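Chemist: Pasting a predicted model and its sequence here:
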Amino acid sequence: MKLSLIGYSGHAYVCAEVALLNGHVIDGYFELTQMASNPFNLNYRGKGAVLDPALMLFVAIGDNALRKKLYNQADTNGNTISTLIHPKANVSTLIQVQSGTLICAGAIINPLAEIGAGVIINSGAIIEHNCKIGNFTHVAPGAVLTGNVNVGELCIIGANAVIKQGTTICSNVTIGMGAVVTKNITEPGTYVGAPARKLIK
């Protein structure tokens, strides 16, 4: 079955490359308008307001909330939603990964991790044993989640952030780049620094 992308800009280019490396044939992309930049020479398939249920799709959108919205639309429509794992990711066979997730080059995911739907595990991120990542969360390049970390939905774990073993992070949390999380986070918001503290606006 051919694969179509929903979205076609920076993040989608990564998704397209991983799809091709996995042997997919990409049939085209859906976007609000036809994109001027087309590095993979894909066909523009329109806005995608009404998607063919026979299509296999991947939601190639970096924004967590928008990715969730479009994923849910495709899922409700009955589309097959692909999962993309880069061949150079080091992924244990003893993990669970739900549909719509992207795992990028150099990522390491160790045994008994559970990865939700529509998650982005970016380049070089480390997800240690027994971690749980909620739906539509983005773990940015170089972030490290040590063992038994539990992250909620719609979170952003910033580049090179480190999350201490056994820590729980609630949904709708942004962890800043390079932050070090040493204790549970129970309130949505943005947390920065080492140790990480909530950013008060």
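Modeler: Structure received.
Chemist: which parts of the top helix by length along the chain are buried?
Modeler: Longest helix in the chain by number of residues, with DSSP state H as the criterion: helix 64-77. For helix 64-77, a neighbour-count test (16 or more other CB atoms under 10 Å) marks 64, 67, 68, 70, 71, 73, 74, 75 as buried. All C-beta spots, glycine's among them, are computed from the backbone N, C-alpha and C.
Chemist: quick one: which of those is nearest residue 97?
Modeler: Nearest to residue 97 among those is residue 71, at 14.3 Å by CB to CB.
Chemist: Contacts only, for the closest one.
Modeler: By CB atoms under 8 Å, 6 or more residues apart in numbering, the contact set of residue 71 is 59, 81, 100, 117, 118, 136.
Chemist: so residue 154 touches residue 64, yeah?
Modeler: Yes - using CB atoms under 8 Å as the test, residue 154 is close enough to residue 64 to be in contact (4.9 Å).
Chemist: Now do the shared contacts for these two.
Modeler: Going by CB under 8 Å, 6+ apart, residues that sit against residue 154 and also against residue 64 are 136, 137.
Chemist: where does residue 16 fall, helix, sheet strand or coil?
Modeler: Assigned state for residue 16: helix (three-state reduction, DSSP: H, G, I helix; E, B strand; the rest coil).
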